[in-house]
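> Here you go, sequence then predicted model.
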There are 4 protein chains.
Amino acid sequence: MEAYKRKLTKKTFDNLSDAKKLLIIQTATHEFASQGFDHANINTIAEKAGISVGSLYKYFESKQDLFLMTIHQGTEVLTNTLQSIIPADKPFAEKCRDLIQAIQKTSREQQQLIQLYSELTSVGNSDLVKQLSYEIESISASMYSELIKEGQRKGEIRADLDPAMMAFLMDNLFISLQFSYSSEYYLQRFKIFLGDDIDDKDAFVLDQTVRFLTSALKN
Amino acid sequence: MEAYKRKLTKKTFDNLSDAKKLLIIQTATHEFASQGFDHANINTIAEKAGISVGSLYKYFESKQDLFLMTIHQGTEVLTNTLQSIIPADKPFAEKCRDLIQAIQKTSREQQQLIQLYSELTSVGNSDLVKQLSYEIESISASMYSELIKEGQRKGEIRADLDPAMMAFLMDNLFISLQFSYSSEYYLQRFKIFLGDDIDDKDAFVLDQTVRFLTSALKN
Amino acid sequence: MEAYKRKLTKKTFDNLSDAKKLLIIQTATHEFASQGFDHANINTIAEKAGISVGSLYKYFESKQDLFLMTIHQGTEVLTNTLQSIIPADKPFAEKCRDLIQAIQKTSREQQQLIQLYSELTSVGNSDLVKQLSYEIESISASMYSELIKEGQRKGEIRADLDPAMMAFLMDNLFISLQFSYSSEYYLQRFKIFLGDDIDDKDAFVLDQTVRFLTSALKN
Amino acid sequence: MEAYKRKLTKKTFDNLSDAKKLLIIQTATHEFASQGFDHANINTIAEKAGISVGSLYKYFESKQDLFLMTIHQGTEVLTNTLQSIIPADKPFAEKCRDLIQAIQKTSREQQQLIQLYSELTSVGNSDLVKQLSYEIESISASMYSELIKEGQRKGEIRADLDPAMMAFLMDNLFISLQFSYSSEYYLQRFKIFLGDDIDDKDAFVLDQTVRFLTSALKN
DNA sequence: CATGAATGAGCTTTCATTCAT
DNA sequence: TATGAATGAAAGCTCATTCAT
């Protein structure tokens, strides 16, 4: 899995000023998130970022690389959230609550990042995509897994549950929730299940999900 | 939501022999599932189905309509599975087991249908897409919701849980599982969480998921 | 010019009931007039006329033939108007007035026919078009020419003017006026010259055009 | 009417060398004039002009814009002729003669431009078409109108004739004459009225038309 | 290094006409 | 004689990528 490693950006991009790098990333993120990978337009991105296509291709090998880099950047933002919640010294149930609350908050604030992530499937299955998905998913996998194990050590979580599998199920719930708050299609579906006033129901959704999750795992 | 209704196929398609209809649906399903909506090629579909493009456009208004029809067809297959499990006279836990087992089975057998479904987001948000998504999701929504309510009536499921919300969380888990067994990207992710030998772990996944779910809801 | 003669309709069409013939002609006229020759759709015409395309092609060799037939029919209507005005026993000036008034009236009532006529140029230059245009134009040519000659015999019109040439100039004026009342583009132009309230100025246009024309020719 | 203004060409076209611009304009003019708007082929134009379709679409938004640009260019040529004749210090009758002579000359030399103009109607009625037609027609409208008014001030033209209406009638005659010398259909018609030896009759046509026109207007 | 003009394959959709029934 | 399903060539337009300046 680790075998193939390639940088997503060329040195030329790394040498850019932070301001310019940020501008390019933001522009690309916006375009990919709003148009989807296929309909995103490289020329438009270059224009909106105030650089030439020629330069863009000096910084990135291809459209795909640019896309994957925006994902990579976005993931850091999301990972940081996990890092700030999971290691805390709190009971499992409270961490669950914090995580779900964070999802509700970031899904709305960082809508584009979630939308980006859900475009990953459109891109085909190059080695690069595999590498990236590994980077992304293995972080969640190990963090949630650790969270479960810790809960089991502390006696909060049943010992007959497999930590990896529970991490997987938790992540499934969290990803679904993220999509439900940010993608148009999943928002639709959210409303079909719960009614149109989703945005007034944050507390309800939070409460019920915490109950569901803690009850599922608790000793 | 019900206001706008349009047939996905023209009468000319309905008049076709069952064999021809099936061939077209299968060909289109395969193309859309393997290439994604944007990269699917109408000319290729026509050629592989042994008809002319002209005819294809006599049967369907547009590429989008053809796509949505394949989804519609596919959904029926999946819905049938639900219909055969949920009304049964069994305890809730057993129905959960049946449902997850069905997911494991159909996700592999009907891989294309799941892939198709995950393409729905690429298509934009026409009224037709909304109508279709409503058809699809509201069936699951109501069936799972009923399942929960029944469990509550029978005292199997805690009364403090909201049936609609629990239906939503269940469906989230099930959809995630479906994707994990059929989409390349989610399969990757599945393996990152649980190791490469996914296909040998059906029983394990089934068992753990049932535990998780029943424990989450049980009284 | 007379060399090539071919019927525009097949015997099969002639054998149809008058009602059916009329329906086909009206439907085709409407489609060609509103869409233009190129964008007119044979299948649509058949459908709206309540017959099959197959039948339509039994009645007419081609789209072009159908079009030319509608023109042919339309011309008769317009020619009738000339026939009713020119032979009358009135002074030249009054006939001019009658002609222009007729143009104002029929251009609005039979808008489609004029629009049809202006599509003749789009059709290319087959022998059939030549034959048809000859039929149409030679009638006006000879009638206006006779009108002038008669005016000259009666001493109403200057003898130094060539009747054929004057007929040509008159017809130019009349055709331009017809277009100005029926084609969208020429109506625009009409308004640019005379202001937006064209429809309130019939009397004015009539009066000024009669003055212009009679003064141009009078002895 | 002036409200909506859009450039017909993109900056990229303006930046081209004059030779290249001219080549593109000429190629497009030829294609549109010979094939008509609908049958003109963008790929053919690009090929004949020695550029790629991609480039053509970098220079022009659409087929329609390319077409309208060729008209716009053509109009300038025609307008220049008016500008050189109408302001001269000559009697009205002589200006008429000059105008008609100019029509006979340019209609043959610039046949394509006239054919182009007669295609304007095929294009539908976008705002762009309206804008362009306004540009074209209002120039003739005001110039002819001024010509009449000047004639009235100088006592050459009857005071009871409305200048705008007379300008309209004059322009009708002139446009008809232009078409008669350049469009195949109208040339046919010309010959039906005057006989096949049109090209030997320039002097005759000129003389008779001047007589007609001056007599129509003179005091 | 930066630029941005140029490329051209590729794709959806239309519609006059045919012909088996 | 009537039908209408089937055909398939044809055309406008897009956009990732290159490369001369």
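Nice, I can see it. Numbers count the residues shown, from 1 in each chain, chains lettered A, B, ... in the order given.

> so how many other residues sit close to the residue in chain A that DNA strand E sits nearest to?
Closest contact between chain A and DNA strand E, by CB to the nearest atom of the strand, is at A:Gly54 (2.0 Å). Heads up, the C-betas are built off the backbone N, CA and C, glycines and all. Here the number of neighbours of A:Gly54 (other CB atoms under 10 Å in any protein chain shown) works out to 8.

> Please apply the same query to the one 4 residues further on.
Other residues within reach of A:Lys58 by the criterion other CB under 10 Å amount to 14.

> so it, which of the three states?
Classification of A:Lys58 by DSSP: H, G, I helix; E, B strand; the rest coil places it in helix.

> Quick check: it vs chain B, distance?
As judged by CB to the nearest CB, to the nearest Å, A:Lys58 and chain B stand 28 Å apart.

> What of A:Ile148?
Counting by CB to the nearest CB, the gap from A:Ile148 to chain B is 11 Å.

> Can you report how many residues lie near that residue?
For A:Ile148, using other CB under 10 Å, the count is 24.

> With A:Arg153 instead?
A:Arg153 is flanked by 10 other residues according to other CB under 10 Å.

> same question, A:Lys90
When neighbours are defined as other CB under 10 Å, A:Lys90 has 13 of them.

> host element of it?
Secondary-structure assignment from DSSP states H and E places A:Lys90 in no helical or strand segment.

> name the element the residue of chain A closest to DNA strand E belongs to?
helix A:53-59.

> contacting residues around the following helix or strand past that helix?
Sequence order places helix A:63-85 as the next helix or strand after helix A:53-59, per DSSP H and E. With CB atoms under 8 Å, 6 or more residues apart in numbering or on different chains as the test, helix A:63-85 has contacts from A:8-9, A:25, A:28-29, A:32, A:37, A:40, A:42, A:45, A:56, A:59-60, A:95, A:98-99, A:102, A:106, A:110, A:112-113, A:116-117, A:119-120, A:123, A:126, A:128-129, A:132, A:135-136, A:139-140, A:143.

> I only care about those residues that end up buried; give me the PyMOL line for that.
One line in PyMOL is enough to select the buried members of the contacts of helix A:63-85, burial here meaning 16 or more other CB atoms under 10 Å in any protein chain shown:
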select buried, chain A and resi 8+9+25+28+29+32+37+40+42+45+56+59+60+95+98+99+102+106+110+112+113+116+117+119+120+123+128+129+132+136+139+140+143
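
> Return only those of the contacts of helix A:63-85 found close to chain C.
The subset of these within reach of chain C, by CB under 8 Å from any CB of the partner chain, is empty.

> And A:Asp160, how close does it get to D:Phe212?
Distance from A:Asp160 to D:Phe212, counting by CB to CB, to the nearest Å: 108 Å.

> pLDDT below threshold where in chain A?
Applying pLDDT under 70 to chain A flags the ranges A:1-6.

> What ranges does it have for its helices?
A:11-14, A:18-39, A:42-48, A:53-59, A:63-85, A:92-109, A:111-117, A:127-153, A:163-182, A:184-194, A:202-217 (DSSP state H).

> Quickly check: the shortest one near DNA strand E or not.
Yes: with CB under 7 Å from any atom of the strand as the criterion, DNA strand E is reached by helix A:11-14 at A:11-12.

> buried ones in that helix?
In helix A:11-14, counting by 16+ other CB under 10 Å, buried: A:Phe13.

> about what we covered before: in a markdown table, list the helices of chain A along with distance to DNA strand F.
Formatted as a markdown table, the helices of chain A follow (distance: least, CB to the nearest atom of the strand, whole Å):
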| stretch | distance to DNA strand F |
| --- | --- |
| helix A:11-14 | 13 |
| helix A:18-39 | 6 |
| helix A:42-48 | 3 |
| helix A:53-59 | 4 |
| helix A:63-85 | 4 |
| helix A:92-109 | 27 |
| helix A:111-117 | 16 |
| helix A:127-153 | 13 |
| helix A:163-182 | 23 |
| helix A:184-194 | 20 |
| helix A:202-217 | 37 |
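
> okay, the ones you listed, which one's buried deepest?
Highest mean neighbour count of the helices of chain A: helix A:163-182, a mean of 23 (counted as mean count of other CB atoms under 10 Å in any protein chain shown).

> Run through the neighbouring helices and strands of it.
helix A:92-109, helix A:111-117, helix A:127-153, helix A:184-194, helix A:202-217, helix B:163-182, helix B:184-194, helix B:202-217 (3 or more CB pairs under 8 Å, 6 or more residues apart in numbering or on different chains; DSSP states H and E).

> which residues touch the residue of chain A with the smallest separation from chain C?
Distances between chain A and chain C by CB to the nearest CB are smallest at A:His39, namely 29.7 Å. Counting by CB under 8 Å, 6+ apart, A:His39 touches B:Asp38.

> same question, the one 5 residues further on
In this structure, A:Thr44 makes contact with A:Glu31, judged by CB under 8 Å, 6+ apart.

> again, only this time at 10 Å
A:27-28, A:31, A:35, A:53 (CB atoms under 10 Å, 6 or more residues apart in numbering or on different chains).

> now swap in A:Lys105 and tell me
A:Lys105 sits next to A:81, A:181, A:202 when contact means CB under 10 Å, 6+ apart.

> For it, give its distance to chain D.
43 Å.

> do the same with A:Thr106
Remark: distance between A:Thr106 and chain D (CB to the nearest CB) = 40 Å.

> which one is that residue nearest to, not counting chain neighbours?
Counting by CB to CB, 6 or more residues apart in numbering or on different chains, A:Thr81 is the residue found nearest to A:Thr106 once chain neighbours are left out, at 6.1 Å.

> Which two among the contacts of A:Thr44 are spaced furthest apart?
Based on CB to CB, the longest span within these runs between A:Gln35 and A:Val53 and measures 16.7 Å.

> So is the helix holding A:Gly54 next to chain D?
No: shown here: helix A:53-59 not in contact with chain D (CB under 10 Å from any CB of the partner chain), separated by at least 12.7 Å.

> And for that helix, what's in contact with it?
Contacting residues not belonging to helix A:53-59 are listed as A:9-16, A:20-21, A:24, A:28, A:42-47, A:49, A:51-52, A:63, A:65-66, A:69 [CB under 10 Å, 6+ apart].

> chain center to that helix: distance?
27 Å (CA atoms, centre = their mean, to the nearest Å).

> For it, C-alpha coordinates in PDB please.
What follows is helix A:53-59, C-alpha atoms only, in PDB (Å, rounded to 0.1, in the frame of the first residue of the first chain):
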ATOM      1  CA  VAL A  53      -2.800  27.700 -17.400                       C
ATOM      2  CA  GLY A  54       0.800  27.300 -18.400                       C
ATOM      3  CA  SER A  55       1.900  28.100 -14.800                       C
ATOM      4  CA  LEU A  56      -0.800  25.800 -13.400                       C
ATOM      5  CA  TYR A  57       0.700  23.000 -15.400                       C
ATOM      6  CA  LYS A  58       4.200  23.900 -14.200                       C
ATOM      7  CA  TYR A  59       2.800  23.400 -10.600                       C
END
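
> Please identify which residue in chain A comes closest to chain D.
Chain D sits closest to A:Asn43 of chain A, with a gap of 10.4 Å, by CB to the nearest CB.

> For the residue nearest to A:Gly151 when sequence neighbours are not counted, name its beta-bridge partners.
Among residues not flanking A:Gly151 along the chain, A:Ile157 sits closest, at 3.6 Å (CB to CB, 6+ apart). Beta-bridge pairing of A:Ile157 under DSSP bridges involves A:Lys218.
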